[in-house]
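> Sequence below, structure please.
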Amino acid sequence: MSASELKIRTYRSLDELETIRPAWDELLAAYPLATTFSTPEWLIPWWRGFGGDHEVLVLGLFDGPRLVGLAPLSLTRIRVGKAIPMRLLRLMGDGSQDSDNLDLPVIPGFEDRFAELLLKFLTEKRNWNFAALDTMPAESLVAGALRKLLRQKKWIAIEKSRPASAIVLPPTWEEYLKLLSSKERGKIGLRTRRLEKKYEVRIRKCEQEADIAPFLQALYDLHGKHWQLRGSAGTLHVPERRQFYGELSRLLLKRGRLELWVLELRGKIVAAQFGFRHGSTAFSLQEGFDPDYSADSVGFVLRSQVLKYLIGDGVRRYDFLGGIDESKKRWGAEAGQYADLRIARPLSAGAAYLRTLHYAGQSKLWLRQNLPEPVWERLHQINLGLRRTSNRTN
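Numbering: from 1, shown residues only. Have a look, this model is predicted:
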């Protein structure tokens, strides 16, 4: 590889991106951290659902004719303080709360040059104010190279982490059960047997396109029913999300990567799980169960049987994506993290904005750590009230 052979090419529409789909697939096959969230099957349907009036700005790094790096970015207009217009550069797929593990895939060995050329491109282009590269894997090769380069160039770079969790799965179901506490291990067998004794139980995986629509509709209904009891509509009623899930499911099914499951009692769907597979990792995206059957632990039973199937089918990692809580830990999940990296050119409006946010966050953290709990809680509630009042009057 010579530096002169490396070129950055830009893609500003979905039609242009379709022209590099085969090369994109080859790049991901060679990238050790590749996940579904960096694939065209995820990002292109996501954009059709949520792209709106945002601008595609995807950068491809080519070594001669070979695609060796990809930066799937987008430009969005925002207002700071509801008054100051700014242009936000972020990872394609970010902004709807659907995507995790977004990344800048690269052939190992090219990450330093990719970071250099990416930063050179961003230095020359003045149509953005700051960048938010969120939910990247902590081990991202390009993110690691960018961190070093940003320090050298004295750019503004503010990084935070957010929690994630996943189960490292052993080769057999029996070995997996040994990882759990005796209490959790006993629940799996007991609840499954109790359900099978009480009902005619059927667990089905979506394996043909005709099943996608009814399986997804069941997921939407169950998810909505659960959240309605809490006084909320949930998130799956949004038309853009339903459009995205439908197209995504069809594309993943064709590639044998869809993990859409339902549990039926006497022919009625009472629990559903929506996920997908990439390599030996299965990702859990959404789930829902009928609250009328909560005493029967239908969601718990479905997860246990899906896990049993996945282990037998060679899956070695079950990724819960963002967040870590006790319910995930009981399944054997281990804590991980994503990295959020905010950057801006030195002495720019974006840099001033990021510094302001950073200092405000530090002040809030200091108050949180040093004020007595009742005083902090009172200030927090006053602040929330002021925000709600401001939102109603603007």
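
> Give the buried residues for whichever strand or helix holds Leu321.
Element membership of Leu321, judged by DSSP states H and E, is strand 317-322. Applying a neighbour-count criterion of 16 or more other C-beta atoms under 10 Å, one finds 318-322 buried in strand 317-322. From N, CA and C alone the C-beta is placed, and that goes for glycine too.

> Check stretch 143-150 too.
143-147, 149-150.

> Among these, which are located in helices?
143-147, 149-150 (DSSP state H).

> Same list, these, but as a markdown table with distance to Lys125 and pLDDT please.
A markdown table is the format used below for these (distance: C-beta to C-beta, whole Å; pLDDT from 0 to 100):
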| residue | distance to Lys125 | pLDDT |
| --- | --- | --- |
| Ala143 | 20 | 96 |
| Gly144 | 23 | 96 |
| Ala145 | 19 | 97 |
| Leu146 | 16 | 96 |
| Arg147 | 21 | 95 |
| Leu149 | 17 | 96 |
| Leu150 | 16 | 95 |
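
> thinking again about what came up before, quick check: the two most widely separated of the buried residues of strand 317-322?
Using C-beta to C-beta, the pair of the buried residues of strand 317-322 lying farthest apart is Tyr318 and Gly322, separated by 14.4 Å.

> about what we covered before: closest to Phe274 among the ones in helices among the buried residues of stretch 143-150?
Ala143 (28.0 Å).

> low pLDDT regions in this structure?
Applying pLDDT under 70 to the chain flags the ranges 1-4, 361-372, 374-394.

> could you point out the longest strand in it?
strand 66-80 (DSSP state E).

> Just the residues contacting whatever helix or strand comes next after that one, thanks.
Per DSSP H and E, the first helix or strand lying C-terminal to strand 66-80 is strand 84-91. Contact with strand 84-91 is made by 57, 72-80, 99, 102-104, 122, 127-136, 349-350, 353, as judged by C-beta atoms under 8 Å, 6 or more residues apart in numbering.

> Pull out the buried residues from stretch 251-269.
By neighbour count on 16+ other C-beta under 10 Å, the buried set for stretch 251-269 is 251-253, 257-265, 269.

> Spatially, which two of these are the most separated?
Leu251 and Leu265 (30.6 Å).

> just to revisit the earlier point, considering the buried residues of stretch 143-150, which is situated nearest to Arg230?
Using C-beta to C-beta, Ala143 is the member of the buried residues of stretch 143-150 that lies nearest Arg230, at 36.2 Å.

> Helix or strand: which one has the nearest residue to Gln305 once chain neighbours are set aside?
Nearest residue to Gln305 in three dimensions, chain neighbours excluded: Ile203, at 5.3 Å (C-beta to C-beta, 6 or more residues apart in numbering). Using DSSP H and E, the element containing Ile203 is strand 201-205.

> Partner strands of that strand and their direction?
strand 258-265 (antiparallel) (DSSP bridges).

> is it fair to say Tyr338 lies in a helix?
No: counting by DSSP: H, G, I helix; E, B strand; the rest coil, Tyr338 is not found in a helix; it is strand.

> and the residue nearest to it when sequence neighbours are not counted, what is it in contact with?
Among residues not flanking Tyr338 along the chain, Thr135 sits closest, at 4.5 Å (C-beta to C-beta, 6+ apart). Applying C-beta under 8 Å, 6+ apart to Thr135 gives the contacts 91, 94, 99-102, 162, 322, 338-340.

> Need the phi and psi values for the nearest residue to Trp261 once chain neighbours are set aside.
Spatially, and ignoring its direct neighbours in sequence, Trp261 is nearest to Gln273 (4.8 Å; C-beta to C-beta, 6+ apart). In terms of degrees, to the nearest 10, the main-chain angles of Gln273 are phi -130, psi 130.
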